[in-house]
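Asker: Let's see this in three dimensions:
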Amino acid sequence: MEEMLKLAKKFYKDEYSDSVLYAKLSRTEKDKNIREEFLRLSQIESKHARFWYEFLKARGIEVKKPEINRMHELSIRILRKLLGPGAVASLLELGERSAVQKYFRYLTEYSDKLSSEEIEKLKEVILDELEHEQFFRESKKSFHTENIRDLVLGMNDGLVEILGAVTGLSAVYTTTPKLVGISGVIVGVAGSLSMGIGAFISVRSQRQVNEALRERMKVLFKISPEKAKEEIKERLIEGGVPEEVAENTAEELAKRGEGIVELLAPEGNENEVRSALYTGIAYLLGVIFPVLPYFLAPTSTVALPFSILLAGTVLAIVATLVSILSGISIKSKIIEMVTTGLGAAFLSYLFGRLMEGVFHVSTL
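Answerer: Residues are numbered from 1 along each chain as shown. Next comes the predicted model:
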């Protein structure tokens, strides 16, 4: 019971905060359609907050007006300025998805402690959150936000990989920091090109696979509808659908003819050139932070702690930003990203010391 009420208090705070956030976004958004939608979402979130308020009051819990998370609001505003409305839509979608999952778990776990009226209202809340998620997903399509993933992953890889490289080299070239820095830049440029080419090939290959599948399904529907129906059934069964349900579903879907092709192999709008550029440039940005101290410090030993500090700080900032906007625990996300990055650097340093001890590289 105590855990149930604790979660309800958190849900009330989250819904209240989201209502205020959407209201503020509506006042600063220039796009008329998005502005009106933010205002509508604010009103719906306010209704959700009222549900949790009444839920707690009915159980004798004193409900205080929650404090607004100013960091959350500031992060949204910064993202809006730097990356545009698409980035905001992308990350708010993550938050709505998280809310749906939390509410569904709450409904499943505590359904025996809720009245029938509360169950129905909570179901309405979940449906509203699903609708919000759908809105943000549709909004993303206008702003090419599929590349936000490329941006985050590219920078993270650049930080972690180059931090590991320069840390390992620091153990070998302790008195020549510029050599370490130049080596880091060379590795970084090579890594950036490799990551960009990898993203290009990955996106193009996925689109080609989907195009081939769409063409194959179109041919099947024209030549042998029964064979197409069997293929749909097999795919449903592979996805975990019971055979009997898959049989009936495949039969209904097959009646739609070629229209079902988009469902089986949707046509992606991700551009391989844009994906490659986002990934490669973000990787290079990640390279700057661990490499910079080696061009300024007198020795690699002096540069190393500053390199680690800079890279660790940027990793923590990225982790915090993602956590705040997606509803993930800030502490656990920072620990995850920083410890894995610095752990890789530590192992690289040990490996560098091993190479120096075995081959005496610094004397070559």
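Asker: can you tell me how far K30 sits from I78?
Answerer: 17 Å (C-beta to C-beta, to the nearest Å). (C-beta placed from N, C-alpha, C; glycine too.)
Asker: Of those two, which one has the most company?
Answerer: I78 (12 against 7; other C-beta atoms under 10 Å).
Asker: pLDDT on the helix or strand containing that one, on average?
Answerer: Assessed by DSSP states H and E, I78 sits inside helix 70-83. Mean pLDDT, helix 70-83: 71.
Asker: One more: stretch 123-134?
Answerer: pLDDT averaged over stretch 123-134 gives 82.
Asker: Distance from it to the middle of the chain?
Answerer: Counting by C-alpha atoms, centre = their mean, to the nearest Å, stretch 123-134 is centred 20 Å from the centre of its parent chain.
Asker: residues of the helix or strand encompassing M355 that come out buried?
Answerer: Using DSSP H and E, M355 sits in helix 330-359. Within helix 330-359, the residues that count as buried by 16 or more other C-beta atoms under 10 Å are 333-334, 337-338, 341-342, 344-345, 348-349, 352, 355-356.
Asker: Can you pull out the low-pLDDT segments for the chain?
Answerer: 72, 79-80, 82-98, 132-148, 256-269, 321-328, 362-364 (pLDDT under 70).
Asker: where along it do the helices fall?
Answerer: 2-28, 32-57, 70-83, 85-110, 116-140, 147-170, 177-223, 225-238, 243-254, 261-264, 272-291, 300-326, 330-359 (DSSP state H).
Asker: so who does Y349 touch?
Answerer: T167, G168, S170, A171 (C-beta atoms under 8 Å, 6 or more residues apart in numbering).
Asker: ugh, wrong one, I meant L310
Answerer: F289, P290, L292, P293.
Asker: distance of the most centrally placed residue in the chain from S348?
Answerer: Nearest to the centroid of the C-alpha atoms of the chain, with distances taken as C-alpha atoms, centre = their mean, sits R149, at 6.4 Å. Distance, R149 to S348, using C-beta to C-beta: 26 Å.
Asker: got it, and A212?
Answerer: Where S348 is concerned, A212 sits at a distance of 41 Å (C-beta to C-beta).
Asker: ok, how many other residues are close to E45?
Answerer: 25.
Asker: Hmm, K13 and it touching each other?
Answerer: No: taking contacts as C-beta atoms under 8 Å, E45 lies outside contact range of K13: 11.7 Å.
Asker: show me what contacts the residue nearest to F11 when sequence neighbours are not counted?
Answerer: Distances taken as C-beta to C-beta, 6 or more residues apart in numbering place W52 nearest to F11, at 5.0 Å, with adjacent residues excluded. Contacts of W52 were listed using C-beta under 8 Å, 6+ apart, and they are A8, K9, F11, Y12, E15.
Asker: I'd like those residues as a markdown table, with distance to L41 appended.
Answerer: Formatted as a markdown table, these follow (distance: C-beta to C-beta, whole Å):
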| residue | distance to L41 |
| --- | --- |
| A8 | 21 |
| K9 | 22 |
| F11 | 16 |
| Y12 | 17 |
| E15 | 11 |
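Asker: possible to save these as CSV with distance to F38 and neighbour count?
Answerer: Below are the contacts of W52 laid out as CSV (distance: C-beta to C-beta, whole Å; neighbours: other C-beta atoms under 10 Å):
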residue, distance to F38, neighbour count
A8, 26, 20
K9, 26, 16
F11, 21, 22
Y12, 21, 23
E15, 15, 24
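Asker: so who does the residue nearest to the centre of the chain touch?
Answerer: So R149 contacts nothing (C-beta under 8 Å, 6+ apart).
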